[in-house]
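Chemist: Mind looking at a prediction? Sequence and model below.
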Amino acid sequence: MMRERLYLYDTTLRDGAQTNGVDFTLNDKLAIAKMLDDLGIDYIEGGYPGANPIDTDLFAQDRQLGATLTAFGMTRRPGRSTSNDSGLAALLEAKSDGICFVAKSWDYHVRVALETSPEENLASIRDSVRAAKSRGREVMLDCEHFFDGYKANPQFALACAKTAYEEGARWVVLCDTNGGALPHEVEKVVAEVVKLIPGDYVGIHAHNDTEQAVANSLAAVRAGARQIQGTLNGLGERCGNANLVSIIPTLKLKSEFSERFDIGVSEMQLKKLKHLSHILDEMLNRAPNRHAPYVGESAFATKAGIHASAIMKEPATYEHVAPETIGNRRKLLVSDQAGRSNVLAELERIGIGVQKDDERVNRLLDEVKQREAMGYAYEAADASFELLARRLLGRVPSYFDVEKFDVSVEQRENAVGRRVTVSLAVVKVKVDDEILISAAEGNGPVNALDLALRKDLGKYQRYIEGLKLVDYRVRILNGGTEAVTRVLIESEDEMGERWTTVGVSPNIIDASFQALMDSIVFKLVRSGA
Ligand SMILES: [Zn+2]
């Protein structure tokens, strides 16, 4: 079979920027554009020049991108000429490689929102595409509300698409703007469109309001569309856009697509996908979705013992693709439901060699079960599990002792008479025969304790310089007066490596202290201190 090329068009920087709580700076946009380019994306929609200063600046930058950087904006306004429309002028003046126009394709919108005639809408598409072409740009047209428009008035919706194609647009993109279309509808409508416009001029832009943006994109490809628009991690207004982080591995790894289509993303680039997805969350200060398909922490995690023993024999028994292909990894969760297989597999992954019938494996498993009954959660705290295992096998040096700590919380008036709450921690640490006392103020007691603990560890200090706490989660277990607190702390080092530790106690400071200690000790073990 002849292989065909599918093109990926990323709109994280434009449609993705519509996400509630997402605000990209110019530097964020430049960094994300670089990431997308490194991934092998064909088109990067940078934004809406003229609409806001950051987007205008973005296109003014010198850049070295392999991808086609595209500016987004509206077709000329009804009743105006192309030379007398300031929005269109800003778009044409932007230093972009491509221009993606958005135009109405639903007659109802033309009438009600635009208050113009169908003929004028078509003329606006024609004039705008022509103007951008004459400036030497690669031109695309987003047909807004195409699927709803097609249901209401197929002739008009098709006329909008066809006008752009006939005027020389490289892509005519069918948009499911309100995200309500279903895969079988998309497949049917796209099949009609490609009778008039060749499929390798047709794109799909799906929103996720029925959680089928990925499915709709794939349905469009099945029907003949050859460009897919989407965003990283499915960012976008309301429920988001089609998630390229799910679409890309599907195209690369599922034979129905991989045997027919090439995309710009190589196997090597695919391996960076998990990392890239997490870096974006990091930039946005969001916790990564653990259950994200392909790239989530839990995407290849197996908890039940019976599944785990099968996975160890033959991973394909429970995995739909190999986790390494997208830079993820298999996780056999260690928990009270786990069997020896999970524990053995986890020890092997960590690099602790034990015999299969080693008695200590049973002891470790018993210890895990007992501690989980107390509230520890090792499946979420891989670093604490590793320390537990290494301690049981006698392989964790006692680097330092915390002889005592003192944490105080004080509310008082500050110099300008405003009431403030200040936390102070003092920690007394013994390293060999040296006593080190550190104090730190923090924006809360745990923060103060964390800062004081990491302030001076004597000869070990250099190993923990790059350590930082990136997430702190507290859960109250059992409820009532008997309640115990579980604290999970996620840490990161200078290499971007992350690990999670756990602490449990009736006292939240004590639980936090345990998790902080585990985090520091884990880092020292990892650094070979
Ligand atoms: Zn959109």
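Modeler: Now that the structure is in, tell me what you want to look at.

Chemist: what residue ranges in this protein score low on pLDDT?
Modeler: Applying pLDDT under 70 to the chain flags residues 1, 304-306, 334-338, 479-482.

Chemist: what's the longest helix in it?
Modeler: In terms of residue count, the longest helix belonging to the chain (DSSP state H) is helix 508-526.

Chemist: What helices and strands are in contact with it?
Modeler: Applying 3 or more CB pairs under 8 Å, 6 or more residues apart in numbering; DSSP states H and E, one finds that helix 508-526 contacts helix 382-392, strand 401-413, helix 445-453, strand 468-477, strand 484-492, strand 498-505. For every residue, glycine as well, the C-beta is placed using N, CA and C.

Chemist: tell me the secondary structure for the spatially closest residue to S408 that is not a sequence neighbour?
Modeler: Leaving out its chain neighbours, the residue that sits closest to S408 by CB to CB, 6 or more residues apart in numbering is L424, at 5.2 Å. What DSSP: H, G, I helix; E, B strand; the rest coil gives for L424 is strand.

Chemist: Hmm, N447 and L424 touching each other?
Modeler: No - L424 lies out of contact with N447 (CB atoms under 8 Å); the separation is 10.9 Å.

Chemist: Spit out the residues that contact those two alike.
Modeler: Residues touching both L424 and N447 by CB atoms under 8 Å, 6 or more residues apart in numbering: none at all.

Chemist: measure stretch 207-219 end to end?
Modeler: Distance across stretch 207-219, first residue to last, is 13 Å (CA to CA, to the nearest Å).

Chemist: Tell me where the stretch 151-300 of the chain has helices.
Modeler: 154-166, 183-196, 213-223, 244-253, 255-258, 267-270, 273-283 (DSSP state H, counting those that start in this stretch).

Chemist: deepest of those helices, which one?
Modeler: helix 213-223 (a mean of 25; mean count of other CB atoms under 10 Å).

Chemist: quick one, it and helix 183-196 angle?
Modeler: For helix 213-223 against helix 183-196, the angle by axes from the mean of the first three to the mean of the last three CA atoms, to 10 degrees is 40 degrees.

Chemist: List of residues touching helix 213-223?
Modeler: Identification of contacts with helix 213-223 by CB under 8 Å, 6+ apart yields 6, 174, 176, 179, 181-184, 186-191, 194, 199, 202, 204, 206-208, 228, 230, 234, 240-243, 246-247, 250, 257, 261.

Chemist: just to revisit the earlier point, now find how far off-centre the longest helix of the chain is within its chain.
Modeler: 27 Å (CA atoms, centre = their mean, to the nearest Å).

Chemist: try stretch 245-254
Modeler: With CA atoms, centre = their mean as the basis, stretch 245-254 stands 15 Å off its chain's centre.

Chemist: picking up where we left off before, reformat the helices of the stretch 151-300 of the chain as TSV; add distance to V321.
Modeler: TSV is the format used below for those (distance: least, CB to CB, whole Å):
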stretch	distance to V321
helix 154-166	35
helix 183-196	21
helix 213-223	15
helix 244-253	5
helix 255-258	11
helix 267-270	10
helix 273-283	12
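
Chemist: Select, out of those, the one closest to S134.
Modeler: With CB to CB as the criterion, S134 lies closest to helix 154-166 of the helices of the stretch 151-300 of the chain, at 14.9 Å.

Chemist: Pull out the CA atoms of that closest one and give them to me as CSV.
Modeler: This file holds the C-alpha atoms of helix 154-166, laid out as CSV (Å, rounded to 0.1, in the frame of the first residue of the first chain):
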residue,chain,number,x,y,z
PRO,A,154,-24.8,21.3,3.6
GLN,A,155,-24.6,23.4,0.4
PHE,A,156,-23.6,26.5,2.2
ALA,A,157,-21.0,24.8,4.5
LEU,A,158,-19.5,23.0,1.5
ALA,A,159,-19.5,26.3,-0.5
CYS,A,160,-17.4,28.0,2.2
ALA,A,161,-14.9,25.1,2.2
LYS,A,162,-14.8,24.9,-1.6
THR,A,163,-14.3,28.7,-2.1
ALA,A,164,-11.1,28.6,0.0
TYR,A,165,-9.8,25.5,-1.8
GLU,A,166,-10.5,27.0,-5.2
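
Chemist: Summarise which helices and strands that helix is packed against.
Modeler: Counting contacts by 3+ CB pairs under 8 Å, 6+ apart, helix 154-166 is packed against strand 98-104, helix 107-112, helix 118-134, strand 138-144, helix 146-152, strand 171-176, helix 183-196.

Chemist: contact partners of it?
Modeler: Residues from elsewhere that reach helix 154-166, judged by CB under 8 Å, 6+ apart: 101, 103-107, 110, 118, 121-122, 125-126, 129, 139, 141, 143, 146, 149-150, 172, 174, 192-193, 196-197, 201.

Chemist: Filter the residues you listed down to the buried ones, PyMOL style.
Modeler: Selection of the buried residues among these in PyMOL, burial being defined by 16 or more other CB atoms under 10 Å:
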select buried, resi 101+103+104+105+106+107+110+118+121+122+125+126+129+139+141+143+146+149+150+172+174+193+197+201
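
Chemist: Determine which of the helices of the stretch 151-300 of the chain approaches Q18 most closely.
Modeler: Q18 lies closest to helix 213-223 among the helices of the stretch 151-300 of the chain, at 14.2 Å (CB to CB).

Chemist: how far off strand 171-176 does that closest one point, in degrees?
Modeler: Per the same axes, to 10 degrees, the angle that helix 213-223 makes with strand 171-176 is 130 degrees.

Chemist: how far off helix 244-253 does helix 213-223 point, in degrees?
Modeler: Using the same axes, to 10 degrees: helix 213-223 against helix 244-253 is 40 degrees.

Chemist: Check the offset of helix 213-223 from the chain's centre.
Modeler: Between the centre of helix 213-223 and the centre of its chain there are 21 Å (CA atoms, centre = their mean).

Chemist: Now the phi/psi pair for the residue lying farthest from the centre of the chain, please.
Modeler: Distance to the chain centre peaks in the chain at D433, reaching 46.6 Å (criterion: CA atoms, centre = their mean). Torsion angles at D433 (phi, psi; degrees, to the nearest 10) stand at phi -100, psi 10.

Chemist: Same check on the one 10 residues further on?
Modeler: When quoted as degrees, to the nearest 10, the phi and psi of N443 stand at phi -80, psi 10.

Chemist: since we're on it, how many residues are nearby?
Modeler: Residues near N443, counting by other CB atoms under 10 Å, number 11.

Chemist: for the one 4 residues further on, same thing?
Modeler: Taking other CB under 10 Å as the neighbour definition, N447 ends up with a count of 17.

Chemist: My understanding was that it contacts S423; is that so?
Modeler: Yes - here N447 reaches S423: they are 6.9 Å apart, a contact under CB under 8 Å.

Chemist: Show me what counts as buried in the helix or strand containing A89.
Modeler: Element membership of A89 [criterion: DSSP states H and E] is helix 86-93. Of the residues in helix 86-93, G87, L88, A90, L91, L92 count as buried by neighbour count, 16+ other CB under 10 Å.

Chemist: for stretch 396-406, same thing?
Modeler: Of the residues in stretch 396-406, V396, Y399, F400, F405 count as buried by neighbour count, 16+ other CB under 10 Å.
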